[in-house]
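In: One predicted model, sequence on top.
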Amino acid sequence: MAAGAGSLVAAVLAHSGRLDKEDLGTRIGRLSRRVEELKGEVCTMITKKYSEFLPGMQSAEELVARVDGLSRSVDLLRAGVENEVQRDLTVAVAEFTELKQQLEQDTLVLSILKKLQEFDTALKEYNTALLEKRYIEAAQQLEKARSSLKTLESRKGFELKILKALRTELTVQTQNMLYHLGEEWQKLAVWKLPPSKETIGPESVMHSELHLCTLPSKEEEIAGPPVASVLQAFAVLGELHTKLKTFGKLLLKYILKPLISYPFLQPFVEEQSDVVILKFKSEKPDLDHSSPVEVFDKIKFILEVLHKYLLNVPVEQCVEDKKECRVTLAELLGDMMWEELSDCLIQNCLVNSIPTNSSKLEQYIEVIKSTEEFEKALKKMQFLKGDTTDLLKYARNVNSHFANKKCQDVIVAARNLMTSEIHNTVKITPDSSVALPKLPDPGSGDHVKMQKTSKLPNEMVNLENDSKLSQYTFSLPTCRISASVEKLMELAYQTLLETTASTDQCCIQLFYSVRNIFQLFYDVVPTYHKENLQKLPQLAAIHHNNCMYIAHHLLTMGHQFRYRLTNILCDGAATFVDLVPGFRRLGMECFLAQMRVQKGEILERLSSARNFSNMDDEENYSAANKAIRQVLHQLKRLGKVWQDVLPVNVYCKAMGTLLNTALSEIVTRIAALEDISAEDADRLYSLCRIMVEEGPQVFTPLPEEDKNKKYQEEVPVYVQKWMMFKELMIILQANLQEIVDQWADGKGPLAAEFSPAEVKSLIRALFQNTERRAAALAKIK
């Protein structure tokens, strides 16, 4: 073979005139032999020269000449070979490249034709499989055709016109396949739902049904495709996710969520020959909210039925050399539904099951266990995968949720109490107290100290004061407060009691929730009841009492629980004393605002008395008399409204202040008159006598009339201008000498109430300018 190739090259080169007829190998062999001969001769010469020391200069020169000639022959031969061969190689490479390109183009055309053949074959096999309802094979053939088409479309420079037709045909066949699969899917899972116009409620949910086709036996599989075939075909075509998403939404909306929300719903299964029907029946629930255990059992029942008849199928076919088959339909559906289902279980089930009392926290272990079992069952059905989910984390974190829920419930309950009616009242007496929880005495060591002091020698003097404070010294005086405020304080105490049996974090949260109750009261009540507090005196008084009642309890509330709370709070943070000034100020400001309103009304009524001038005019007298009567009527009405509401001392001070306002205004108006006739004086006296006689009657702090006499007799204590008013009445009826006697050189009762200028002004108005008046005026100084 090698010899033949050599002769061919030689022939070609000889034909082209580039080499002699002599064979290149022959020439090279001849040169090799000559080189060997020359090598032998050189060695012989070297040996003779350096070993045998024979003279051979002439023969050496001849050898050098022969070597030089042989070298030149070799160089010429090499140059010839390189030039000729290089030229011929360039031509050969160009020819080979052209042949290679032609071959590649032929190969590409051949591959395109092969792909077209594969596309056509796949569609033919698809049609055959579809007719025989071998859906998985049909779907796989469609995917092969799609792969072939993609390959054809990716070949640049070969944009065939037929590709558009092939693409259209593939789309048509894919939709045809999906239509047939959709028909089969509708037979497998049939929904019967309430009318779409109806809102989803308890009654409409009762009409929801899910019909599941039972799996056929081996003999029946010929008649119709099994579930796995339809679903795996959907998976091959990439449409399974869409179908499952729609199915999952319906399952959540019409079955699972109603089961969580409505305790009366009970699922059951009705089995028929070729179908299983999931239905609801109604049962009277024991509670408003289902327990988590019951809800978990219901949902587990639904998913077990679905797993048995629909979901326990692989999404893909098993590989022959692998026994384990990949993802199931249940796992796919679980991935789509679990997050929403878990949130619904937490919000509508677990939240309602969180205990409202710390004593019930231990019972919640049952709920945690049932949650764990529920998740294990779901993982066994492959509906759920992974580790602990949000559902189980929520159940296990019950202490935190208990604290949050308790705080929320406390604030909501407190706000409801604050926005309820104020006028529903209860009576508070010094003996009254909130039903306080029974707490151990924080100073338990006091008993030992008392025992030690009892052993003192008998001869030692007892230094204890015999007079002791009353047991009611620091008690809140008798008054009426809103029933809602009493309940509010009970709520605060009960919440603080909860803190004593809670974890540290829960204890802190609950404690500050109680503080938040009072801060909320401070902000909500004055705003929510603002209009009524301004208009209705009784409500203003009740609100005043409410604030004082709360402040009274805040003084000691923190101290009572201080040694039962967590260490963080025991270091001084457990206090409510800082809230006391704010509540006292809140109550006082509201009541003082009402007092200003009442004072304004009194002054407005007295302004219609025409300054008490010209009382001899019947019309003026009538107006003044009417003003006096209106003022008394207002005071008596207030006395009744505030009766048995305000504490007695506050009641007397308030009524005394308002009566004092009326008397002070009358005195100021009369003292300002420049001329008072005898008849005017008599009539003014009669008006003042009305005030003196009926004024004390407005002091009725207690419902029992006989007990009010004490306070009516003490009017001068509460009415600052009472004695001044009586002195004015004396002046109106007295003569000059009597007035001078009452003055008693600035030491008499008149001098205690009026200034010299005021007395002189009254004398000038009452008496004519005579020497006697001048003498009397001279004595007033």
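Out: Looks like it came in fine.
In: need the helices for the stretch 651-781 of the chain, in chain order.
Out: 678-694, 705-713, 715-718, 722-733, 736-743, 749-753, 756-766, 771-779 (DSSP state H, counting those that start in this stretch).
In: quick one, the first one and helix 756-766 angle?
Out: Pointing back at helix 678-694 there. Here helix 678-694 points in a direction 130 degrees away from that of helix 756-766 (axes from the mean of the first three to the mean of the last three C-alpha atoms, to 10 degrees).
In: Which residue ranges of the stretch 351-500 of the chain form strands?
Out: Taking DSSP state E, counting those that start in this stretch to define them, one finds strands in the stretch 351-500 of the chain at 425-428, 479-482.
In: now for those strands, which one comes closest to residue 746?
Out: Proximity to residue 746, assessed across the strands of the stretch 351-500 of the chain by C-beta to C-beta, is greatest for strand 479-482 (44.1 Å). C-beta here means a position set from N, CA and C on the backbone, and glycine is covered the same way.
In: quick revisit: okay, the strands of the stretch 351-500 of the chain in TSV with mean pLDDT next?
Out: Below are those laid out as TSV (pLDDT from 0 to 100):
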stretch	mean pLDDT
strand 425-428	91
strand 479-482	94
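In: residues contacting residue 609?
Out: With contact set as C-beta atoms under 8 Å, 6 or more residues apart in numbering, residue 609 has these partners: 623-624, 627-628, 669.
In: Could you point out which of those residues is nearest to residue 103?
Out: Using C-beta to C-beta, residue 627 comes nearest to residue 103 of these, at 128.1 Å.
In: Can you check the pLDDT for the closest one?
Out: Listed pLDDT for residue 627 reads 95.
In: With residue 611 instead?
Out: With respect to pLDDT, residue 611 scores 87.
In: Would you confirm that it contacts residue 673?
Out: Yes. Counting by C-beta atoms under 8 Å, residue 611 touches residue 673, with 7.5 Å between them.
In: Of these two, which one has the most company?
Out: More crowded of residue 611 and residue 673, by other C-beta atoms under 10 Å: residue 673, with 19 against 14.
In: can you tell me how far the residue nearest to residue 724 when sequence neighbours are not counted sits from residue 719?
Out: Among residues not flanking residue 724 along the chain, residue 753 sits closest, at 3.9 Å (C-beta to C-beta, 6 or more residues apart in numbering). To residue 719, residue 753 is 13 Å away according to C-beta to C-beta, to the nearest Å.
In: Of the two, which one has the most company?
Out: When residue 753 and residue 719 are compared for neighbours, residue 719 comes out ahead with 25 against 19, by other C-beta under 10 Å.
In: That one and residue 421, how far apart?
Out: Counting by C-beta to C-beta - residue 719 and residue 421 are separated by 34 Å.
In: Show me the residue at the heart of this structure, geometrically.
Out: Centroid check for the chain by C-alpha atoms, centre = their mean gives residue 404 as the closest residue, at 10.9 Å.
In: list the contacts for residue 289?
Out: Going by C-beta under 8 Å, 6+ apart, residue 289 touches 263, 349, 352-353.
In: can you give me the end-to-end distance of stretch 126-139?
Out: For stretch 126-139, the first-to-last residue distance is 7 Å (C-alpha to C-alpha, to the nearest Å).
In: no, scratch that, I was asking about stretch 497-506
Out: Start-to-end, stretch 497-506 (C-alpha to C-alpha) is 12 Å.
In: what's the answer for stretch 742-750, then?
Out: Termini of stretch 742-750 sit 5 Å apart (C-alpha to C-alpha).
In: mean confidence for that stretch?
Out: For stretch 742-750, the mean pLDDT works out to 91.
In: for it, which positions count as buried?
Out: 742-743, 750 (16 or more other C-beta atoms under 10 Å).
In: what does it contact?
Out: 723, 727, 730-731, 734, 739, 741, 751, 756, 759, 779-781.
In: hmm, which of the residues you listed are the buried ones?
Out: Buried members of the contacts of stretch 742-750, counted by 16+ other C-beta under 10 Å: 727, 731, 734, 739, 751, 759, 780.
In: What is the nearest of those residues to residue 170?
Out: The closest of the buried ones among the contacts of stretch 742-750 to residue 170 turns out to be residue 727 (C-beta to C-beta; 118.0 Å).
In: Find the nearest non-adjacent residue to that closest one, please.
Out: Nearest non-adjacent residue to residue 727, counting by C-beta to C-beta, 6+ apart: residue 753, 4.6 Å away.
In: contacting residues for that neighbour?
Out: With contact taken as C-beta under 8 Å, 6+ apart, residue 753 is in contact with 723-724, 727.
In: Save these as JSON lines, and put in distance to residue 203 and pLDDT too.
Out: What follows is those, written out as JSON lines (distance: C-beta to C-beta, whole Å; pLDDT from 0 to 100):
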{"residue": "723", "distance to residue 203": "80", "pLDDT": "94"}
{"residue": "724", "distance to residue 203": "79", "pLDDT": "94"}
{"residue": "727", "distance to residue 203": "83", "pLDDT": "93"}
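In: and residue 212, how far is that from residue 267?
Out: As judged by C-beta to C-beta, residue 212 and residue 267 stand 13 Å apart.
In: what touches both of these two?
Out: Residues touching both residue 212 and residue 267 (C-beta under 8 Å, 6+ apart) are residue 278.
In: can you point me to the longest helix in this protein?
Out: Taking DSSP state H as the criterion, the chain has its longest helix at helix 57-131.
In: could you pull out the strands for the stretch 101-250 of the chain?
Out: For the stretch 101-250 of the chain, the strands defined by DSSP E, counting those that start in this stretch cover 189-192, 209-213.
In: Return the distance of the shortest one from the chain's centre.
Out: Relative to the chain's own centre, strand 189-192 is displaced by 37 Å; criterion: C-alpha atoms, centre = their mean, to the nearest Å.
In: go on, stretch 237-251?
Out: What separates the centre of stretch 237-251 from the centre of its chain is 31 Å, taken as C-alpha atoms, centre = their mean.
In: And the average pLDDT for it is what?
Out: On average, stretch 237-251 scores 83.
In: How about stretch 278-293?
Out: 75.
In: Give me the distance from it to the chain's centre.
Out: Remark: stretch 278-293 is offset 28 Å from the chain centroid, using C-alpha atoms, centre = their mean.
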